[in-house]
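Undergrad: Below are the sequence and a predicted model; questions follow.
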Amino acid sequence: MQSTFNKTEKLSSKKATEFLFANGKSFSEFPFRVIHILNDVETKFPAQILITVPKKKFKKAVDRNRIKRQISAAYRLNKFELYSYIKKLDKKLTFAIIYTSTKEESYAQISDKIILSLQRLAKMYKQKDELDIDTDN
RNA sequence: ACAAACGUUCUAUUGCACCGAAUUUAUUUCGGUGAGGAAAGUCCGGACAGCGAAGAGUAGCAUGCUUCUUAACGAGAAGAGCUGUUAGUUUAUAACAGCAUAGCUAGUGCAACAGAAAAUAACUUCUCCAACUGUAUUGGAGUAAAGGUGAAAAGGUAGGGUUAGAGCCUACCAGUUUCGGAAGUGAUUUCGAAAGCUGUGCAAACCUUAUGUGCUGCAAGAUUAUGUAAACCAAGGCUUGAGGGUUACUCGCCCAAUCUUGGAGGGUAAAUCGCUAGAUGCUAAUUGUGAAAUUAGCACCAGAUAAAUAAUAGAUUAAAACAGAAUCCGGCUUACUAAGUUUGUUUAU
RNA sequence: GCACUCGUAGUUCAACUGGAUAGAAUAUCGGAUUUCGGCUCCGAUGGUUGAGGGUUCGAAUCCUUCCGAGUGCG
């Protein structure tokens, strides 16, 4: 499997975005805040991601672009563990990553924290999956 | 010394957007292209597109020495005038920097404190006349020569003149306006003559005047499929003028309510076009003081839509900034890099 | 993409279409009062009026260029 990051892996539908922010559950893993929910989205990939960096904290477009690129690079290299869990479910996962720190962090730190938060996300849906199986039994 | 231009390069791994080709019908492979001098601020000007049933005027807004450049401009070039600094000094003048530089002699308004008075100058002084009376006071008139102020005090000096004074008159000096000659496309400069003309400052105060300007912005606007309102259209009927629509207002223009029947269709979400070959770029020659223009040759150089152009590691290095296209151009403004290279100007040797 | 508004002591606000020393409350500090503290009273400190440039005799105020904060329209 290749560590791609296509247009179809990004959350771009307005409706789905509104649904996510209205009904999604969230947790924060500094310097990120993750909002996530299951939804029916037309894509080949098991998940769609939305990366945002607030304009209030980073005035310059160059800084915002750089952080977004670093996050997306970290995501595409470390997404497979999450995919393996989501693939078992019928629905697709949509989630947003919001950068909440006011400073620019190094790439090593961002990559570590992305791995951590993806693991947390994966764990939550793994538990649900197993619980469903238990109730069936 | 100052100003301008140039805005690191390469390797490996993993990736992104668009275009083309192949394979083949939803993917894969290969190749090509992929941010800036400011892409920024949005301070101006245009192109392009739509809006008004056709149009006119007003308001509003902007600009304001001259000539030129330009598609256009509030931008730029070359000049004129004014102001300031420096050098020089009896002056003259030179260099540099800046200037929203039409009109307070169209009208209105404002000018704190101080000062007699801040724009119709009479408070004190000075002079004359009258009263009372006895050497002072009161009243009337004249007078801008003197009065410590102030940012600014009503041309300056000298003489004449007068009751006292005054451009009241004369001479010289300074300025203003008008007329004429010369130079210049012109702003203007310069020479001469005339007018006692001497009229404070502020228009980035209201305003007047000249010129320009319709309004809204690519979320403009066009098309497609899904599908339907209380909004729209047509016909009939009622009504004959209440009202409604039309860019900020006025005129003008358009419609004719409520009811019945029929037709067509919006919001919302999405896709395609608009969308990148152009007042284009580079080079050379010619013209022009210059902004710039003309001609010739060559080139095709981002087009995304939560938004691609990158992430990591390493090398090169003294160190590498400001910063990321969103319809497109021309300017202005602001931000900014170590060493260096190139170009131009000036000064010194 | 357009169209606007506001920046004044540490904080919250004033300052009349330009006039002098930019004022008030509160906070801070000092003193008085109290056995001590609070309340109260008195006094002091604190401002390059967001930054630069211009107009004017004179600018917080007028004009202009930036910086920052915020609002509206589609």
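TA: Thanks, I have the structure now. Residues are numbered from 1 along each chain as shown, chains lettered A, B, ... in the order given.
Undergrad: going forward, measure contacts between C-alpha atoms and count neighbours the same way
TA: Fine.
Undergrad: Report the rounded mean pLDDT for the helix or strand A:K113 falls within.
TA: Assigned by DSSP states H and E, A:K113 belongs to helix A:107-136. Helix A:107-136 carries an average pLDDT of 70.
Undergrad: just stretch A:91-103 next, same as before
TA: Stretch A:91-103 comes out at a mean pLDDT of 79.
Undergrad: what's the answer for stretch A:48-66, then?
TA: Per-residue scores along stretch A:48-66 average to 78.
Undergrad: State the separation between stretch A:111-127 and the centre of the chain it belongs to.
TA: 9 Å (Cα atoms, centre = their mean, to the nearest Å).
Undergrad: Check which residues of that stretch are buried.
TA: A:111, A:113-115, A:117-118, A:121-122, A:125-126 (16 or more other Cα atoms under 10 Å).
Undergrad: and if you look at stretch A:20-40?
TA: So, applying 16+ other Cα under 10 Å, buried residues of stretch A:20-40: A:20, A:24, A:31-39.
Undergrad: so, in contact with RNA strand B or not, stretch A:75-89?
TA: Yes. Using Cα under 7 Å from any atom of the strand, we find that stretch A:75-89 touches RNA strand B at A:L77.
Undergrad: hang on, the earlier thing: quick one: which of the buried residues of stretch A:111-127 is nearest RNA strand B?
TA: Proximity of the buried residues of stretch A:111-127 to RNA strand B (Cα to the nearest atom of the strand) peaks at A:S111, which lies at 8.6 Å.
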